[in-house]
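Visitor: With the input below, show me the fold.
(chains A and B)
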Amino acid sequence: MAKNPADIPNVSKDELLGYYRDMLLIRRFEEKAGQLYGMGLIGGFCHLYIGQEAVVVGLEAAAKEGDKRVTSYRDHGHMLACGMSANGVMAELTGREGGYSKGKGGSMHMFSREKHFYGGHGIVGAQVPIGAGLAFADKYAGNDNVTFAYFGDGAANQGQVYETYNMAQLWDLPVIFVIENNQYAMGTSVKRSTKSPSYWERGVAYGIAGEAVDGMDVLAVKAAGQKAVEHCRAGKGPYILEMNTYRYRGHSMSDPAKYRTRDEVEKMRSEKDPIENVRELLVQGGHASDEELKAIDKDIKTVVNESAEFAKESPEPDVSELWTDIYA
Amino acid sequence: MATQVLMPALSPTMEEGTLAKWLVKEGDEVKSGQVMAEIETDKATMEFEAVDEGIIGKILIAEGTAGVKVNTPIAVLVEEGESADDLEASGPVQTDEEKQPEKPEGSDVKHMDQPVVTSPGASVPGKRDRSPDFPEGTPTKTMTVREALREAMAEELRGNENVFLMGEEVGEYQGAYKISQGLLDEFGPKRVVDTPITEHGFTGLAVGAAFGGLNPIVEFMTFNFAMQAIDQIINSAAKTLYMSGGQMGCPIVFRGPNGAAARVGAQHSQDYAAWYAAIPGLKVVMPYSAADAKGLLKQAIRDPNPVIFLENEILYGRSFEVPVLEDFTIPFGKARVWREGKDVTIVSFGIGMTYALEAADKLAEEGIEAEVIDLRTLRPIDYETVLESVRKTNRCVTVEEGFPVGSIGNHLSATIMQQAFDYLDAPVINLTGKDVPMPYAANLEKLALVTTAEVIDAVKSVCYR
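Guide: Predicted coordinates:
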């Protein structure tokens, strides 16, 4: 699986170490979230991103300041990747005052104007036209920002996605539709829900350019992201990236995942893991020693443990918060 | 350091479960992600994975044990060279359980013990605003509701570069109901945007544009079609400010004709006033006169919140006096008393005002003086003006076109019962459209709608005349 680093253009050792660190942060953060959920500190629905880390980290590597992102309820990875603080995200998961939404949004509903993260949306597919609307606002303002509108293979069967494709192409909106195809819409596999062979090709009907990408390979994701971003910034309209990826955990914490075999999950983990792949590149290319990588592991463990501590110590929101933020 | 493995919660509602099977035994080394046990919840059998690495020092709960409470220690994980006994010797391991804060007492929650009518976040507390909408002596001109709406949009489009209008046929066609006539010529296609017939999509897109800093006006050709988009209106536009802890507001206006027109049948003849008025985070406006249409639409476009602006096709062509002012707005939550009277209060809004005012004229001929209140906005609602009037007249009839169950009138009746019970001399009557899908046949349609005659009968009934 590991490629020869010499074959991979335009990536420095520091960048590669950065991707490793960012993906590992998401992985460890999500494992900790799962643990806190098990302890009853996180309630409701909690959808983990474990396995899909290369998608957001690779695409963030192609983004610039001012670019926007919006996604579904499986959103923790997107937030960490765009620079939102682990403390703020974890404290929102525990429903505390220190969370990004002061504890009023929860796992599925978080936002950061500062980092141009527009949610965190709980209704499957609803974020897709919203993403096109963000791009509409940027085009209206006349800047060269792009919006990454992420959605899953499940959402890709929602009608509003295609209403949005039509308008985005009609009005040349600078939006990148990122289909995170993790192979399962909750418990329904792609082949049980979808007749057409690929999702990105549906864009062809609207004249939208796109491609399928190995979403387990952060460098492939980055390269495709750069191509898409360039297309959008040049005013050529939207672009579709279908990221073939895989979630290791259930759909949510309460999903026993009986719709697939343990062998299937194990095979993906052992052969395609995005973090292990980068780790191998770093070690084989002599870019990082075991000690350096261990030091990164340790740093991340500290960040994640601190976020868990913060999320436990932060108080619940004041009861007066029940009545605030209903109207601006 | 030895750590305890706790019985996990594996669903939003799980409080206890059965430890069905251990897949590891004491002395086994476990890795992060390795399945350690199978746990049965009320819904499913779940695999329980290790988070920390270590060696199983001791299994505390035997497999097959039912009713294991969440957070009960089920095993001890030790590091190389440690034994589970070290754990016992060093006292209990701190679990996260004790760090959980106390749950707040429900009774501490503000507003909980107050009457329901003061709970809506959009209610206007205290005394009513008695100020006139515009200074006395202001010149007026006669204008249709259609012209008033058009002027309001044109003025706001001129005043704020970030305001734009989008919808079906708003531009080149000049508006399906000619509300946007001429706007494309003045403001161009960037700001008067013709959309495909794609309500769900363009509503979501407009909500995104509002999150992105613009002030969209979304025209629905009629509000019947907004049902295709109601998820975006409620789940995305209305709730995001709250869900984002106040960060992400949605300044947007959804407007268009609402309610029955004439002979267009069940799918094109519904009044959504009570639906939208039920949603915290939305503001809901339903004007009757041209002056109100203008002043309230300008206010709506400037409001930083999502506003539902319910117009009426039959009213579009009606003429009223509109003040000639450079900048005329009307604040939300301020009802208008169209007619003062001592015998009965008639509360209505939108097209319902037509029947309320006609009935009041006829009742006056019979010696019954009705006070007629136009709510104008349904969220916030000006409760005070209604209550003050009912305390004077001791009788109330509400008039609206929507369905009877869960109507605005029902809500007002409850409010009046709670806050003016002792003043009532008769039960409040809620006049609404009939509890049937709108029929097409002319005679049946007439029967399905509320009428002036029904208002007169209801008033006589509450006056025992």
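
Visitor: going forward, measure contacts and count neighbours with C-alpha atoms only.
Guide: OK.

Visitor: A:D217 contacts A:P274, doesn't it?
Guide: Yes: the criterion here is C-alpha atoms under 8 Å, and A:D217 meets it with A:P274 at 5.7 Å.

Visitor: Now the common contact residues for those two.
Guide: The contact sets of A:D217 and A:P274 overlap at A:A54 (C-alpha atoms under 8 Å, 6 or more residues apart in numbering or on different chains).

Visitor: same question for stretch A:292-312, mean pLDDT?
Guide: The average pLDDT within stretch A:292-312 is 97.

Visitor: wait, I meant stretch A:81-101
Guide: The predicted model assigns stretch A:81-101 a mean pLDDT of 98.

Visitor: Just give me how far that stretch sits from the chain centre.
Guide: Mean C-alpha position of stretch A:81-101 versus that of the full chain (C-alpha atoms, centre = their mean, to the nearest Å) differs by 16 Å.

Visitor: Repeat that for stretch B:341-352.
Guide: Distance, centroid of stretch B:341-352 to centroid of chain: 24 Å (C-alpha atoms, centre = their mean).

Visitor: Would you mind pulling the contact partners of the helix or strand A:E292 falls within?
Guide: Taking DSSP states H and E as the criterion, A:E292 maps to helix A:290-313. Here helix A:290-313 makes contact (C-alpha under 8 Å, 6+ apart) with A:21, A:24-25, A:28-29, A:32, A:36, A:41, A:86-88, A:90-94, A:96, A:98-99, A:283, B:99-100.

Visitor: Could you give the backbone dihedrals for the residue nearest the centre of chain B?
Guide: Centroid-nearest residue in chain B, with C-alpha atoms, centre = their mean: B:I279, separated by 1.8 Å. B:I279 adopts backbone torsions of phi -100, psi 110, taken as degrees, to the nearest 10.

Visitor: which ones are touching it?
Guide: Residues in contact with B:I279 (C-alpha under 8 Å, 6+ apart) are B:234, B:238.

Visitor: so what's it scoring on pLDDT?
Guide: So B:I279 comes in at 98 (pLDDT).

Visitor: Surely B:D292 is in contact with B:I330?
Guide: Yes: counting by C-alpha under 8 Å, B:D292 does reach B:I330; the two are 7.2 Å apart.

Visitor: Which one of those two is surrounded by more residues?
Guide: Using other C-alpha atoms under 10 Å in any protein chain shown, the more surrounded residue of B:D292 and B:I330 is B:D292, with 24 against 20.

Visitor: so what's that one scoring on pLDDT?
Guide: On pLDDT, B:D292 comes in at 98.

Visitor: go on, B:K43?
Guide: pLDDT at B:K43 comes out at 77.

Visitor: B:Q94 too?
Guide: Model confidence at B:Q94 (pLDDT) stands at 46.

Visitor: Then B:M353?
Guide: 98.

Visitor: Against B:W338, how distant is it?
Guide: According to C-alpha to C-alpha, to the nearest Å, B:M353 stands 9 Å off from B:W338.

Visitor: Overlap of the contact sets of those two?
Guide: B:D374.

Visitor: These two: which is more packed in?
Guide: Ranked by neighbour count (other C-alpha under 10 Å), B:M353 and B:W338 place B:M353 first, with 25 against 13.

Visitor: For the more buried one, give me its contacts.
Guide: B:288, B:374, B:399.

Visitor: mind listing what the first one touches?
Guide: Neighbouring residues of B:Y288 by C-alpha under 8 Å, 6+ apart: B:315, B:349-351, B:353, B:374, B:376.

Visitor: what sits against the residue of chain B positioned farthest from its centre?
Guide: Here the centre of chain B is the reference, and by C-alpha atoms, centre = their mean the most remote residue is B:G81, at 61.4 Å. For B:G81, the contact set (C-alpha under 8 Å, 6+ apart) is empty.

Visitor: mind redoing it with 10 Å?
Guide: Neighbouring residues of B:G81 by C-alpha atoms under 10 Å, 6 or more residues apart in numbering or on different chains: B:I55.

Visitor: on that earlier part again, now do the helix holding A:E292: distance to the chain's middle.
Guide: The answer for helix A:290-313 is 20 Å, by C-alpha atoms, centre = their mean.

Visitor: What degree of burial does B:G137 show, as a neighbour count?
Guide: Counted with other C-alpha under 10 Å, residues neighbouring B:G137 total 7.

Visitor: measure A:S307 to chain B for me?
Guide: 14 Å (C-alpha to the nearest C-alpha, to the nearest Å).

Visitor: what's the distance between that residue and A:T94?
Guide: As judged by C-alpha to C-alpha, A:S307 and A:T94 stand 11 Å apart.

Visitor: now B:I351
Guide: Counting by C-alpha to C-alpha, the gap from B:I351 to A:T94 is 48 Å.

Visitor: who has more neighbours, these two?
Guide: Just comparing B:I351 and A:T94: by other C-alpha under 10 Å the higher neighbour count belongs to A:T94, 27 against 23.

Visitor: Next up, the contacts around the more buried one.
Guide: The contact partners of A:T94, by C-alpha under 10 Å, 6+ apart, come to A:33, A:36-37, A:40-43, A:103, A:106-107, A:308, A:310-312, A:314-316.

Visitor: ok, and does stretch B:39-48 reach over to chain A?
Guide: Yes: using C-alpha under 10 Å from any C-alpha of the partner chain, stretch B:39-48 reaches chain A at B:40-41, B:43-48.

Visitor: ok, residues contacting that stretch?
Guide: Contacts of stretch B:39-48 (C-alpha under 10 Å, 6+ apart): A:38, A:250, A:253-258, B:7-11, B:13-23, B:33-38, B:63-64, B:66-68.

Visitor: circling back to that earlier point, what backbone torsions are found at the residue farthest from the centre of chain B?
Guide: Given degrees, to the nearest 10, the pair of backbone angles that B:G81 has is phi 90, psi -10.
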